[in-house]
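Chemist: I would like the atomic coordinates for the input below:
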Amino acid sequence: MQINSSKKLMEVSILSCIGVIFALASTYIPFLSIFFMFNGIPYTIIAARCGMRYSIMSLSISLIILMMATSPISALIFALLFIPSMIIGYNIYKNDNPFDNIALGSLCYILMMMLYIKLSIILFNIDIINLFDDMLIKSIHVQKDLMNTLGIKMNETELSNLVETASVYIPSTLVVIPSIVISFINYYVSVFILRRIEKDDNKLPKIKDFSLPGNIPFGIVLICLATLLIKHIDGIYYRAIVLNLEMVILTLFLIQGACVYSYFLDTINIKKGVKGFLLTISFVIKPIALIVTIIGMLDSAMNFRKIRR
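Modeler: Take a look at the predicted model:
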């Protein structure tokens, strides 16, 4: 994607304006706030088309405009969102492996979300984790009251265990899994747009080609050993760490299993609509999701698709 300087400046200006408009719209129009996490896509495209120098310039100008239009705190929040998007775009610019890029983007989003949660405590005295925990407890108790009105009695011990377990999983459901999803969507939407741009030959990677690294089982063993080492350290919530790691690992294997599933559906020439439906229910229906997760685990060891990792 060799572009001359004047064309780069023009593209950067246009995409920066789009990024700022999206940011302001998601801030001031309530029903558009659900698209907040995808506001970084214009900056992914800037980095992919023009490189990191122009991307940093675009980010700086955009943040100055957002500081004047909203507040310095809001601009800081958008900066935490735009930085991982720029990193994904720069790796597209360098033609890095798509799935390595998505993994790096996921890690960056996780770090930025953790920083955002910490800053919200320092600046606003709002603990987002505790806030979601309270909302979860209230929703469970509302369901309990509803069941009591229907004559269905819930065991208090079971209810207490349910609340405790659900609370433990909040960090992974609030930070890790959304980061992986956002990174995937950011990459695929950006490359889809880039492919529509003249002389851009970026290939949109197929989901069926995704694979975890070949040494992932060894990595999981190391992680498990590391968690055992911190078991008896005071101040560390060992059970919470273990359960969240378990959820993240199972989610990764579920994604890999779905990719293997997609690969074998293609080998028997299933129509795209039917294939999409089958892949969707593999995430939604718990018994099928469990089978797909097991397939992902087996693929990590046996490499069914013969993909080089």
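
Chemist: Can you list the low-confidence ranges for the stretch 101-250 of the chain?
Modeler: Judged by pLDDT under 70, the stretch 101-250 of the chain has its weakly predicted residues at 150-166, 198-205, 213-215, 230-239.

Chemist: As a check, name the ranges of all helices in it.
Modeler: Taking DSSP state H, counting those that start in this stretch, the helices of the stretch 101-250 of the chain run over residues 128-149, 156-168, 170-171, 177-195, 216-229, 238-267.

Chemist: Output the first one as CSV, restricted to C-alpha atoms.
Modeler: Backbone C-alpha positions of helix 128-149 (Å, rounded to 0.1, in the frame of the first residue of the first chain) are rendered in CSV as follows:
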residue,chain,number,x,y,z
ILE,A,128,-16.7,-1.1,37.7
ILE,A,129,-16.1,-4.7,38.8
ASN,A,130,-18.0,-4.1,42.1
LEU,A,131,-20.7,-2.2,40.2
PHE,A,132,-21.3,-5.2,37.9
ASP,A,133,-21.1,-7.5,40.9
ASP,A,134,-23.9,-5.6,42.7
MET,A,135,-26.0,-5.6,39.5
LEU,A,136,-25.5,-9.3,39.2
ILE,A,137,-26.5,-10.0,42.8
LYS,A,138,-29.6,-7.8,42.5
SER,A,139,-30.7,-9.6,39.3
ILE,A,140,-30.2,-13.1,40.9
HIS,A,141,-32.3,-12.0,43.9
VAL,A,142,-35.0,-10.6,41.6
GLN,A,143,-35.2,-14.0,39.9
LYS,A,144,-35.4,-15.7,43.3
ASP,A,145,-38.3,-13.5,44.3
LEU,A,146,-40.0,-14.2,41.0
MET,A,147,-39.6,-18.0,41.5
ASN,A,148,-40.9,-17.7,45.1
THR,A,149,-44.1,-16.0,43.8
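
Chemist: Please identify the buried residues of that helix?
Modeler: For helix 128-149, the buried set under the neighbour-count rule, 16 or more other CB atoms under 10 Å, comprises 128, 133, 136, 144. Just so you know, the C-beta spots here come from the backbone N, C-alpha and C atoms, and that holds for glycine as well.

Chemist: separation between the last one and residue 306?
Modeler: When distance is defined by CB to CB, to the nearest Å, residue 144 is 51 Å away from residue 306.

Chemist: quick one on the thing from earlier: which of the helices of the stretch 101-250 of the chain sits most buried?
Modeler: Mean neighbour count, computed with mean count of other CB atoms under 10 Å, is highest for helix 170-171 among the helices of the stretch 101-250 of the chain, reaching a mean of 20.

Chemist: got a list of contacts for that one?
Modeler: Here helix 170-171 makes contact (CB atoms under 8 Å, 6 or more residues apart in numbering) with 129, 132-133, 136, 240, 244.

Chemist: For residue 293, state which of the buried residues of helix 128-149 is nearest.
Modeler: Residue 293 has its nearest neighbour among the buried residues of helix 128-149 in residue 136, at 24.0 Å by CB to CB.

Chemist: Please determine how far the closest one is located from residue 168.
Modeler: As judged by CB to CB, residue 136 and residue 168 stand 11 Å apart.

Chemist: Kindly check the end-to-end length of stretch 191-211 for me.
Modeler: The stretch stretch 191-211 measures 19 Å between its terminal residues, going by CA to CA, to the nearest Å.

Chemist: can I assume residue 69 is in contact with residue 24?
Modeler: Yes - applying CB atoms under 8 Å as the test, residue 69 and residue 24 come out as touching, 6.0 Å apart.

Chemist: returning to that earlier point: what's the farthest-apart pair in the buried residues of helix 128-149?
Modeler: The most widely separated members of the buried residues of helix 128-149, counting by CB to CB, are 128 and 144 (24.8 Å).

Chemist: what's residue 39 sitting at in phi/psi?
Modeler: As for residue 39, its main-chain torsions (degrees, to the nearest 10) stand at phi -70, psi -10.

Chemist: let me redo that: residue 269
Modeler: When read as degrees, to the nearest 10, the backbone of residue 269 gives phi 60, psi 50.

Chemist: same check, this time on residue 95
Modeler: phi 60, psi 40.

Chemist: That one: how many residues sit nearby?
Modeler: The local packing of residue 95 (other CB atoms under 10 Å) involves 13 other residues.

Chemist: For residue 101, see how far away it is.
Modeler: 10 Å.

Chemist: what do you get for residue 24?
Modeler: Remark: distance between residue 24 and residue 101 (CB to CB) = 28 Å.
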